[in-house]
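Visitor: Have a look; sequence and predicted model below, questions after that.
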Amino acid sequence: MNIEMRHLRYFIAVAEAGNLSRAAQKLFIAQPPLSVQIRQLEAALGTPLFVRHPKGVHLTEAGEALLPEARALVDRVGGLRAWIAGATPTRRLSLGFVPSAGSTVLPQLLAALRADDPGLQFELREMISSEQIDALASGQIDLGIARADTRHPRIATVARILDPFCVAVAAAHRTPRGGAADLREYAEADFVAFTRHRGPAYFDQAIHLCAQAGFSPRIRYEASTVHGVLDLVGAGLGVALVPASCVLLAAPRVRLRPLAMTQKSAVLTLLRRKPGSGIPWLIGEDGLQRIVDMFENLRERTAARLDAPGNIGTTQRTATPRRRTAQTL
């Protein structure tokens with residue numbers, strides 16, 4: 001049988017939903033006809049595209065290879081229809097981001113991308129780092145702002161900066177001036193935490209740092225956004241562990257103290273698929289360099305704000321990485 005565009009659209013919907021019934025709801029069709037269409041596509045290609053399991057489906061190796069190609073074909077057909085109708089084809093970029101970067105990095109990144117291509121449209125998806133890596137590899141997103149390094153063979157790092165955790169305290173809090181903080185100073189303090197289901201890696205890293213300091217934090221309050229965490233800290237309800245880049249947010253009643261301890265995975269990375277995925281890269285060399293420069297500027301501004309007289313303490317110095325130059329990754 002011939003492969004038609006509907007087969008590809010249905011395949012993409014199931015791959016993104018990870019579940020036939022959810023995909024059927026999104027497509028406004030019943031599940032049995034959707035299952036038939038997927039079986040027809042698998043028969044036409046001569047290979048299974050999904051592995052079924054009790055909670056849904058996973059892509060097979062063949063399915064993962066097909067997904068970026070299917071996306072590209074569907075986008076091209078959509079652009080062709082718009083062109084024939086006399087409209088400008090829409091260029092879309094799907095971007096995943098960790099919740100803690102939604103207020104600090106995401107706005108600047110979108111501005112940098114728009115400067116390179118004013119007509120670019122965005123699809124934004126809040127995702128934890130591990131979900132982003134899987135979504136990048138399978139072609140569900142084009143870029144990811146993650147708090148993790150990766151050695152995945154299909155993924156490249158566009159930009160990377162250190163973004164270690166600091167302790168956030170109320171501005172009125174009595175605390176030593178100057179130098180990095182010993183987290184053990186806060187062993188008896190009430191803590192404000194980022195809601196675990198919104199950012200499990202973020203939450204677990206904070207718990208790990210406290211355990212490394214020899215205590216278990218007494219978490220009294222939780223918030224679902226970084227702004228919410230800082231607001232509760234500013235109200236004097238407790239202290240919190242937050243990424244250093246949070247110093248750039250408008251939180252006048254909060255001060256950040258760098259931690260005098262070694263931290264693993266204290267990074268902020270921008271990830272993309274490597275070339276050869278079958279999807280054309282939407283961002284030119286100028287745009288890629290602008291992104292690299294933006295991350296470097298974020299690092300410099302964070303360090304400067306942590307060192308500012310109005311803040312508590314000074315940054316714990318690490319080797320300053322040389323300015324990166326954009327290249328095809």
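Guide: Structure received.

Visitor: And the helices in the stretch 51-200 of the chain, which stretches?
Guide: Secondary structure of the stretch 51-200 of the chain (DSSP state H, counting those that start in this stretch): helices located at 61-84, 106-116, 129-138, 200-212.

Visitor: ok, and for the longest one, which residues are buried?
Guide: Of the residues in helix 61-84, those with enough neighbours to count as buried (16 or more other Cβ atoms under 10 Å) are 63-68, 70-73, 75, 79. Any C-beta I mention is one placed from the backbone N, CA and C, and that applies to glycine too.

Visitor: and if you look at the third one?
Guide: Burial within helix 129-138, assessed by neighbour count using 16+ other Cβ under 10 Å, is assigned to 129, 131-138.

Visitor: Ok, which of the helices of the stretch 51-200 of the chain comes nearest Cys246?
Guide: helix 200-212 (11.4 Å; Cβ to Cβ).

Visitor: hey, C-alpha coordinates of that closest one in CSV?
Guide: Output in CSV follows, covering the C-alpha atoms of helix 200-212 (Å, rounded to 0.1, in the frame of the first residue of the first chain):
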residue,chain,number,x,y,z
PRO,A,200,12.8,16.2,40.5
ALA,A,201,16.5,16.6,39.5
TYR,A,202,16.5,20.2,41.0
PHE,A,203,14.8,18.9,44.3
ASP,A,204,17.1,15.8,44.6
GLN,A,205,20.2,17.9,44.0
ALA,A,206,19.2,20.2,46.9
ILE,A,207,18.6,17.3,49.2
HIS,A,208,21.9,15.7,48.1
LEU,A,209,23.8,18.9,49.0
CYS,A,210,22.3,19.0,52.4
ALA,A,211,23.1,15.3,53.0
GLN,A,212,26.7,16.1,51.8
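
Visitor: who's in contact with the helix or strand just after it?
Guide: For helix 200-212, the following helix or strand on the C-terminal side (DSSP states H and E) is strand 218-223. Residues from elsewhere that reach strand 218-223, judged by Cβ atoms under 8 Å, 6 or more residues apart in numbering: 188-196, 229, 231-232, 237-238.

Visitor: Strand 218-223 pairs with which strands, and in what direction?
Guide: Sheet pairing of strand 218-223 (DSSP bridges) gives strand 190-194 (parallel).
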